[in-house]
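pasting the sequence and the predicted model now:
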Amino acid sequence: MNRREGVALAACLAVGFAAAALGSVATASSVGGWYRSLVKPPWTPPDWVFGPVWTLLNAAMGVAAWLVWRSTATVRRRALALFAVQLGLNVAWSRLFFALWRIDLALVEMAALWVAIALILMAFAGASSAAAWLLAPYLAWVSFAAVLNAVLLRLNP
């Protein structure tokens, strides 16, 4: 890896972790209070699981974006633009759910996030199959989170 690629990798990771930091600002204000007060299904992961999972997912997303950036595929620009959109949707979900306590709107937004991730997974596949595979756990986690979000809405009308 040359210096330019190393800087690009660092930038891709930094962008993903910056989005995560923005989302965590909204999350931190509610995890200890409002979120704990919600009725949750017994299969809800403990709070300590979310940090490590999101750290791994954000690292995988950053590496995936970097692999696409390195490619010469014609879909590169579109794929990275979609990637930026999904980062925004990811942050928006945290704000809706944790900062605004809008489980209903967060679920609708989660559907848009899921579609965006599916689209970038397909777009990334056109540039790098490894990048697409790196996004598969993210899509799986957001699928799980969407189900949890829906159940939380049902249990906490």
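Everything's here; your move. Residues are numbered from 1 along each chain as shown.

now stretch 91-103: average pLDDT?
The predicted model assigns stretch 91-103 a mean pLDDT of 94.

what residues sit buried inside it?
91-99, 103 (16 or more other CB atoms under 10 Å). For glycine as for every other residue, the C-beta is placed from the backbone atoms N, C-alpha and C.

distance of the closest residue to Asp104 other than its chain neighbours relative to Val115?
Sequence neighbours aside, Leu153 is the residue nearest to Asp104 in space, at 5.9 Å (criterion: CB to CB, 6 or more residues apart in numbering). Leu153 is 19 Å from Val115, where distance means CB to CB, to the nearest Å.

and for Asp47?
28 Å.

then Leu57?
18 Å.

so the residue nearest to Asp104 sits right up against Leu107, yeah?
Yes - Leu153 is in contact with Leu107 according to CB atoms under 8 Å; the separation is 5.7 Å.

pick out whichever of these two has more residues nearby.
Leu107 (18 against 14; other CB atoms under 10 Å).

tell me the contacts of that one?
146, 149-150, 153 (CB atoms under 8 Å, 6 or more residues apart in numbering).

which residue packs closest to it, ignoring adjacent ones?
Here the residue nearest Leu107, using CB to CB, 6+ apart, is Asn149, at 4.8 Å.

roughly how far apart are the residue nearest the centre of the chain and Val49?
In the chain, the centroid-proximal residue (CA atoms, centre = their mean) is Asn90; its distance is 4.9 Å. For Asn90, the distance to Val49 equals 17 Å [CB to CB].

try Gly126
Noted for Gly126: a distance of 33 Å to Val49, by CB to CB.

one more: Ala19?
In this view, Ala19 and Val49 are 20 Å apart by CB to CB.

the two: which is more packed in?
Ala19 (20 against 10).

contacts only, for the more buried one.
58, 87-88, 90-91.

with Ala59 instead?
By CB under 8 Å, 6+ apart, the contact list for Ala59 reads 13, 16.
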